[in-house]
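Enquirer: I would like the atomic coordinates for the input below:
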Amino acid sequence: MEEPISGRKRLRIHPQLTERARQFRKPMTPMEERLWARLRGRGCGGFKFRRQTVRDRFITDFYCAEAKLAVEVDGASHNTTLERDAVRDKWLALHGYHTLRISNDQVRDHLEKVLIQIEQECLHRITPTQE
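Expert: Next up, the predicted model:
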């Protein structure tokens, strides 16, 4: 595969996974919809987020490429997928991504605080550290 001008190799994404991500966009949970309404259109600190984005063999709820940040909204169903979530988080971390897990309760009860937390995490990840 040819390398883009930036010098980074582009990952090939399996077409079935792309289609699955498209299907996930349609029936978002109420809390995902609530958060997406505020993230979309650079509504959180001017950062661009995409929803249901494929990263290798995983699909993230929300993703900011600039900050390499995946935001996962976890509801009751995530209690049964903790092992799979840990595998995904580990893979993402090994590839320079950070996963921020937000509970449904946080989105429902403290949306403004969640948005501040997401914005601060993005800023932290793109701001060079002083040595």
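
Enquirer: any idea how far residue 37 is from residue 103?
Expert: Note on residue 103: its distance to residue 37, by CB to CB, to the nearest Å, is 18 Å. Yep, even glycine has a C-beta here, placed from its N, CA and C like the rest.

Enquirer: looking at the two, which has the bigger crowd around it?
Expert: residue 103 (17 against 11; other CB atoms under 10 Å).

Enquirer: mind checking the backbone torsions on the more buried one?
Expert: phi -80, psi 160 (degrees, to the nearest 10).

Enquirer: could you find the closest non-adjacent residue to it?
Expert: Nearest residue to residue 103, sequence neighbours excluded (CB to CB, 6 or more residues apart in numbering): residue 74, at 5.4 Å.

Enquirer: pretty sure the one you found contacts residue 105?
Expert: No - counting by CB atoms under 8 Å, residue 74 does not reach residue 105; the two are 9.6 Å apart.

Enquirer: more crowded one of those two?
Expert: More crowded of residue 74 and residue 105, by other CB under 10 Å: residue 74, with 19 against 11.

Enquirer: on the three-state scheme, residue 83 is what?
Expert: Each residue gets one of three states, and residue 83 gets helix by DSSP: H, G, I helix; E, B strand; the rest coil.

Enquirer: what's the spacing between it and residue 90?
Expert: Relative to residue 90, and taking CB to CB, residue 83 is found at 11 Å.

Enquirer: got it, and residue 28?
Expert: Distance from residue 28 to residue 90, by CB to CB: 25 Å.

Enquirer: the more surrounded of those two?
Expert: residue 28 (16 against 11).
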